[in-house]
Structures are given as structure tokens and as C-alpha cells.
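Visitor: below is the sequence, then the predicted model.
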Amino acid sequence: MLNQSWKTVLASAVIIGGCCFSAPSYAGGLFSGSGNLLTDQLAKMSCCGESACGDESSCSLAECGEGCCATGAGGITFGGWTQVGYHNGGDGVFNDESGSINLHQGWLYAERVADGRNGLDFGFRADVMYGIDADETDSSGNNPGNWDYRNGFDHGPYGFALPQLYVEMASGDLSVKAGHFFTIMSYERVTSPDNFFYSRSRSLDWIEPQTHTGALATYAVSCDTNVYAGWTLGWDTGFDQRDGGSNFLGGFSTAVTDNATFTYVTSAGNHGRDGEGYAHMLLLDVAVTCKLNYVIQSDFEDVVEDGETDNDVAITQYLFYDVNDTFSVGGRFEWIEERDSDGDWGSQFQTTLGVNVRPTDNIVIRPEVRIQPDTDNNNGHEKTVFGVDAILVF
């Protein structure tokens with residue numbers, strides 16, 4: 001069965017001595033009782049990776065297909081969420097409209113999960129959103145006027161975006177999707193419920209793509225190892241090709257110990273608007289204890305854009321602690337450096353401390369404090385930004 005996102009395997013459940021290690025940073029941890037409402041289907045996993053689904057799940061290859069969670073498989077699932085937030089200062093990534101209460105994401109989706117347990121099966125997914133995050137969610141790697149980029153979808157700071165539209169085929173341990181889909185080259189997501197923090201990391205904006213148009217295959221080699229390989233029309237494209245965009249997208253994810261998962265994802269070739277070259281993400285996710293989760297991500301990019309070399313590197317660390325089913329705390333610690341062909345470079349340190357409060361299975365409230373460089377005044381000082389949002393999943 002191929003109906004589990006690689007993110008869930010990276011961060012959700014690892015059973016060790018009867019102890020379930022869970023990561024509160026993911027939607028699977030935030031809304032564990034919400035079924036399949038938040039799966040972004042970036043890549044599919046065999047049922048053997050689904051220990052997070054429940055006590056009856058199995059990681060025996062012989063028992064694949066029995067006791068596994070297949071919510072929505074075989075039928076069409078409709079869902080979405082509404083995210084409203086306030087922050088008193090911009091972060092230069094997503095949260096730029098400060099000083100007012102904003103609708104960040106009014107999101108709807110429809111999907112049919114391709115379930116390959118019993119042979120060849122087909123599925124699809126379509127997403128549409130409205131809010132101030134549309135400008136960061138649309139296909140900015142397109143030529144203007146194509147798909148959802150600069151085609152009249154924006155109305156002031158608000159707008160519409162069509163971040164995903166793809167079809168999918170699954171058979172056994174192989175899954176292939178084709179169309180417009182979210183990248184697998186990022187720990188944090190465009191979709192707000194899939195993140196612990198209200199704000200986003202700087203590397204999500206500076207180094208990582210957010211969406212692609214192309215095809216991506218996922219093969220479950222074993223219970224704990226998956227391989228990804230595909231081709232896309234550059235970065236952040238929506239059914240369009242800009243500046244000859246054509247690149248490989250792939251990598252693998254594997255359990256290195258009983259409580260740690262390592263992921264490598266790379267993009268090589270012509271990234272379109274973002275230049276030509278090589279980029280990768282390295283991710284190590286460790287369940288330290290039943291309640292404590294540590295994640296370290298390294299991003300690297302070496303591309304030539306408009307005749308100039310752009311060399312960026314970032315290290316982002318996360319620490320999450322699940323106090324109980326209702327309350328979690330977390331920290332994010334970022335370092336990012338950008339260097340160009342002229343030898344000019346700049347580095348930044350940012351720290352974010354936040355809390356997740358879940359009064360019900362489908363509501364999360366996320367206050368946070370972010371300490372970052374004061375780029376508004378470029379005075380070399382730091383500023384502190386407070387933000388809080390609420391997400392209702394349906």
C-alpha cells in the first residue's frame with residue numbers, strides 16, 4: 001500500500017520497547033485524530049512505514065495490507081483548513097503583512113489516494129487556496145500570466161493560488177505522480193498545518209523550492225527505506241517552463257537506527273528562474289525520548305543565475321517537546337549564509353520559540369517569538385517579532 005507521506009515516516013511513530021516516539025512538528029502529530037485530512041501526499045510509502053497509524057499496524061512485509069490505515073483509499077476525500085494569524089513584524093518569508101489580523105490560508109482540496117496493495121490503482125489531488133500566503137504559494141517560477149502567477153488572481157495582499165494538481169498511479173511498492181505538486185526537498189511546508197511554527201524558516205525562502213511541475217516516482221525498497229526519482233520543469237513552476245527549466249529531483253529516506261531517520265534529496269540541472277546547478281537537503285530526525293524530538297536539516301545550493309554564481313548554505317535545528325496531548329513546546333535555531341561570485345556574503349542567525357495548544361483534534365493555536373536581524377532598518381541589530389495564529393481543520 002502506498003498511502004503514507006514520507007514526512008509521517010520521518011517524524012511520527014517509532015516503536016521502541018512499547019514506547020511511541022512522536023514528533024509534534026507534523027500534522028500527523030498535531031491532528032492525530034483527524035484521519036487523512038492533512039496528508040500532502042508528497043511521496044507514498046508502503047504500509048510497513050505506518051506504525052503511526054495505530055496499534056494494529058504492522059511492519060511485516062508478509063502482512064502488508066492488513067491492519068494498515070487507508071483512510072480515503074478507494075474514495076474521494078474532501079478537506080481543508082482555515083488559518084488566521086497576527087504578527088507585529090515581518091519575517092521576510094511568509095509573514096510580511098504585519099500589524100493586522102490576516103487570513104493566511106483558506107484551503108480546500110480533493111483527492112483520491114492511489115492504493116497499490118491489490119494491483120494497479122489510480123488517484124489524483126487538487127488544491128486551491130485564498131489568503132495573503134497566495135503570493136508565496138503561487139507558481140512564481142512561471143512566466144508571468146501562466147497558471148496562477150500574475151494572472152489577475154491577486155487582490156492587494158490577498159489572492160488565489162493553485163498549488164497542486166496531479167494524477168497518481170500506484171502498484172505494489174511503486175507510486176508515480178505527474179502534474180503540479182509540492183517539493184520533497186524541504187522539512188517545512190507551504191501548508192501551514194504541516195508545520196509546528198506559525199512563521200517559516202529562512203531557508204524555505206532562500207534555498208529551497210516549494211512546488212514543481214513534472215513527474216516523481218517513489219519506490220518502497222523495504223519497511224524503512226524509500227527511493228525517490230523524477231524530473232521537473234525547474235523550481236516553483238505550474239504547468240510552465242521558464243528559462244529552459246529541466247532538472248532531476250530525487251533521493252532517498254531510510255531509518256539509520258530504531259529511532260532516527262535520515263533523508264537526502266537533491267535537485268540538479270536547470271532550475272529555471274533560479275539558475276542552473278546543484279542543490280540538496282540533508283535531514284536527520286531523531287526521537288530522543290517518547291516526548292522529545294530533535295531534527296537537524298542542512299541545505300546547500302550552488303547555481304549560476306544570470307551569469308553570477310550563487311552559493312548558499314543553511315543549517316536549521318529543531319527541538320520539540322510533547323508535554324501532553326494538548327500542549328507542546330518547540331524551538332527553531334537557524335544559520336544561513338549566502339555568497340555570490342563577487343565574494344560578497346552575508347550570514348544570519350535566527351531563533352524561534354513557540355507553543356502549540358490543541359484544545360480539540362482539529363484546532364491548533366500557535367503563539368511564538370522570533371528573534372531575527374532587523375532587515376527593515378539594516379542597522380546590524382536584531383528585532384523580536386511576536387506572532388500567533390489559529391488553524392481550524394475540516
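Guide: All right, it came through fine.
Visitor: those strands in the stretch 201-350 of the chain, which residues are they?
Guide: 211-222, 225-232, 246-257, 260-270, 276-287, 292-305, 308-322, 327-340, 345-360 (DSSP state E, counting those that start in this stretch).
Visitor: which other helices and strands does the fifth one contact?
Guide: Contact here means 3 or more C-beta pairs under 8 Å, 6 or more residues apart in numbering; DSSP states H and E; on that basis strand 276-287 packs against helix 6-11, strand 246-257, strand 260-270, strand 292-305. Heads up, the C-betas are built off the backbone N, CA and C, glycines and all.
Visitor: buried ones in the longest one?
Guide: Neighbour-count burial for strand 292-305 flags 293, 294, 295, 296, 297, 299, 300, 301, 303, 305 (criterion: 16 or more other C-beta atoms under 10 Å).
Visitor: what is residue 349 paired to in the beta sheet?
Guide: residue 335 (DSSP bridges).
Visitor: surely it meets residue 317?
Guide: No. With contact defined as C-beta atoms under 8 Å, residue 349 does not count as touching residue 317 (11.5 Å).
Visitor: what residues are shared contacts of these two?
Guide: Common contacts of residue 349 and residue 317 (C-beta atoms under 8 Å, 6 or more residues apart in numbering): 333, 334.
Visitor: how about the most centrally placed residue in the chain, secondary structure?
Guide: Geometric centre of the chain, nearest residue: residue 189, 2.8 Å, by C-alpha atoms, centre = their mean. For residue 189, the assignment made with DSSP: H, G, I helix; E, B strand; the rest coil gives coil.
Visitor: now it. Nearest residue, chain neighbours left out?
Guide: residue 195 (5.8 Å; C-beta to C-beta, 6 or more residues apart in numbering).
Visitor: tell me how many other residues crowd the one you found.
Guide: 23 (other C-beta atoms under 10 Å).
Visitor: where does it fall, phi/psi-wise?
Guide: phi -120, psi 150 (degrees, to the nearest 10).
Visitor: please apply the same query to the one 5 residues further on.
Guide: Dihedral angles of residue 200 (phi, psi; degrees, to the nearest 10) stand at phi -110, psi 160.
Visitor: what's the closest of the strands of the stretch 201-350 of the chain to residue 91?
Guide: Residue 91 sits nearest to strand 345-360 of all the strands of the stretch 201-350 of the chain, at 8.4 Å, using C-beta to C-beta.
Visitor: quick one, the helix or strand following the closest one and strand 327-340 angle?
Guide: Going down the chain from strand 345-360, the next helix or strand is strand 363-373, by DSSP states H and E. Angle of strand 363-373 versus strand 327-340, following axes from the mean of the first three to the mean of the last three C-alpha atoms, to 10 degrees, is 40 degrees.
Visitor: next secondary structure after strand 363-373?
Guide: Using DSSP H and E, the helix or strand that follows strand 363-373 in sequence is strand 382-393.
Visitor: neighbouring strands of that next one in the sheet, and parallel or not?
Guide: Counting by DSSP bridges, strand 382-393 is paired with strand 77-87 (antiparallel), strand 363-373 (antiparallel).
Visitor: how about it as PDB, C-alpha atoms only?
Guide: In PDB, the C-alpha atoms belonging to strand 382-393 read as follows (Å, rounded to 0.1, in the frame of the first residue of the first chain):
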ATOM      1  CA  GLU A 382      18.200  42.300  16.000                       C
ATOM      2  CA  LYS A 383      14.500  42.600  16.400                       C
ATOM      3  CA  THR A 384      11.900  40.500  18.200                       C
ATOM      4  CA  VAL A 385       8.700  39.600  16.400                       C
ATOM      5  CA  PHE A 386       5.700  38.200  18.200                       C
ATOM      6  CA  GLY A 387       3.100  36.200  16.300                       C
ATOM      7  CA  VAL A 388       0.100  34.000  17.000                       C
ATOM      8  CA  ASP A 389      -2.200  32.100  14.700                       C
ATOM      9  CA  ALA A 390      -5.100  29.600  14.900                       C
ATOM     10  CA  ILE A 391      -5.800  26.800  12.400                       C
ATOM     11  CA  LEU A 392      -9.200  25.000  12.000                       C
ATOM     12  CA  VAL A 393      -9.000  21.800  10.000                       C
END
